[in-house]
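# fold the following, please.
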Amino acid sequence: MSTVIFPSPIFGPVHSRRLGVSLGINLLPSDGKVCSFDCIYCECGLNTEHRPSLSLPTREEVRIALENKLKDMQANGPVPDVLTFAGNGEPTSHPHFPEIIDDTIELRDRYFPKAKVSVLSNSTFINRAKVFDALMKVDNNILKLDTVSEEYIKRVDRPAGHYDLNEIIDRLKAFKGHVIIQTMFMKGSFQGNNVDNTGDEFVLPWLETVKAIAPSQVMIYTIDRDTPDKNLLKATHQELDRILELLKRNGISATASY
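Below is the predicted model of the structure:
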């Protein structure tokens, strides 16, 4: 089993399937994973297999490292398309996430004003007012909604604590369009249970919820890297294309990453 643990607090730039040249910002420890989900498809592995011993990077450490990297990229390239909060777990769980967003926007404006600031989040902390307000400031507020089946979420995304799907959906609606919904579609099995969410049983209720959220965009994707469990399978091009067509037929801007 091959997994990816990212350096902290800055990594890359890397080429993102969805975002282009992306400079990564990792607000979690560099030697392990800290996440409010324990997704069976996570490229960083399962939570129990990668317990960190180091502490979170501080706000000041993030700001200094980011500025140094942006200075280097300004002098030597490449030009970033996006500054992306991702890495070894859930970025919005950092206690100073809102302040770090403010710092990042200020540095972006100074060094690469055309670059976008993106956050990849599993949505579990959007009920916190300061996190919500910070996400309203970024260019690409990319929030996970893999399904609208709580049973599937418990089986596949595996929240580490309390998770109220209806509350999450209500908060997603509260962004009033300033949100990009990101959904993983896959097939296969985990611990003997089917995890295929590409059929109408999952897609049609999810589609109705997406329509109610009215996001600026939907990003659908499938497995691209090694996963903790080898019984997981990619969704096919045809399956993703069908879901993409359903979204577009309902007036929703959408992209698919195969």
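# residues near Ala254, how many?
20 (other Cβ atoms under 10 Å). Using the backbone N, CA and C atoms, a C-beta is placed for each residue, glycine as well.
# any idea how far Lys144 is from it?
Plainly put, Ala254 is 15 Å away from Lys144 if you go by Cβ to Cβ, to the nearest Å.
# for Cys39, same thing?
Counting by Cβ to Cβ - Cys39 and Lys144 are separated by 9 Å.
# and for the two, which residues touch both?
With contacts taken as Cβ atoms under 8 Å, 6 or more residues apart in numbering, Cys39 and Lys144 have 157, 184 as neighbours in common.
# rounded mean pLDDT for stretch 182-192, please.
When pLDDT is averaged along stretch 182-192, the result is 96.
# CA-only coordinates of that stretch in PDB, if you can.
Only the C-alpha atoms of stretch 182-192 are listed here, as PDB (Å, rounded to 0.1, in the frame of the first residue of the first chain):
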ATOM      1  CA  GLN A 182     -16.600  18.100  -5.100                       C
ATOM      2  CA  THR A 183     -17.800  14.500  -5.300                       C
ATOM      3  CA  MET A 184     -15.900  11.200  -5.500                       C
ATOM      4  CA  PHE A 185     -17.500   8.500  -7.600                       C
ATOM      5  CA  MET A 186     -16.100   5.000  -7.400                       C
ATOM      6  CA  LYS A 187     -16.900   1.300  -7.300                       C
ATOM      7  CA  GLY A 188     -15.700  -1.900  -5.700                       C
ATOM      8  CA  SER A 189     -16.000  -3.000  -2.100                       C
ATOM      9  CA  PHE A 190     -14.700  -2.400   1.400                       C
ATOM     10  CA  GLN A 191     -14.800  -5.000   4.100                       C
ATOM     11  CA  GLY A 192     -17.300  -7.000   2.100                       C
END
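# Tyr152 against Phe202, yeah?
Yes - when contacts are counted by Cβ atoms under 8 Å, Tyr152 is listed as touching Phe202 (6.9 Å).
# do a quick rundown of the helices in the stretch 101-250 of the chain.
Along the stretch 101-250 of the chain, counting by DSSP state H, counting those that start in this stretch, helices occupy 129-137, 150-156, 165-174, 200-213, 237-249.
# next, the angle from the longest one to helix 237-249.
An angle of 30 degrees separates the directions of helix 200-213 and helix 237-249 when computed by axes from the mean of the first three to the mean of the last three Cα atoms, to 10 degrees.
# can you pull the buried residues of helix 200-213?
For helix 200-213, burial by neighbour count (16 or more other Cβ atoms under 10 Å) applies to 202-203, 206-207, 209-210, 213.
# give me the contacts around that helix.
Contacts for helix 200-213 (Cβ under 8 Å, 6+ apart): 145, 147-149, 152, 169, 172-173, 175, 179, 181, 183, 197, 218, 243, 246-247, 250, 252.
# recalculate using a threshold of 7 Å.
Outside of helix 200-213, the residues within contact range by Cβ atoms under 7 Å, 6 or more residues apart in numbering are 147-149, 152, 169, 172-173, 179, 181, 218, 243, 246-247, 250, 252.
# sorry, back to before: what is the nearest of the buried residues of helix 200-213 to Asn26?
The shortest approach to Asn26 among the buried residues of helix 200-213 belongs to Ile213, at 27.5 Å (Cβ to Cβ).
# can you give me the distance of that closest one to Tyr111?
Separation of Ile213 from Tyr111 (Cβ to Cβ): 33 Å.
# how about Lys71?
Taking Cβ to Cβ, one finds Lys71 at 7 Å from Tyr111.
# between these two, who's got more neighbours?
Neighbour count, other Cβ under 10 Å: between Lys71 and Tyr111, Tyr111 has more, with 17 against 13.
# return the backbone torsion pair for the closest residue to Leu54 other than its chain neighbours.
Leaving out its chain neighbours, the residue that sits closest to Leu54 by Cβ to Cβ, 6 or more residues apart in numbering is Pro29, at 4.1 Å. Dihedral pair for Pro29: phi -60, psi 150, per degrees, to the nearest 10.
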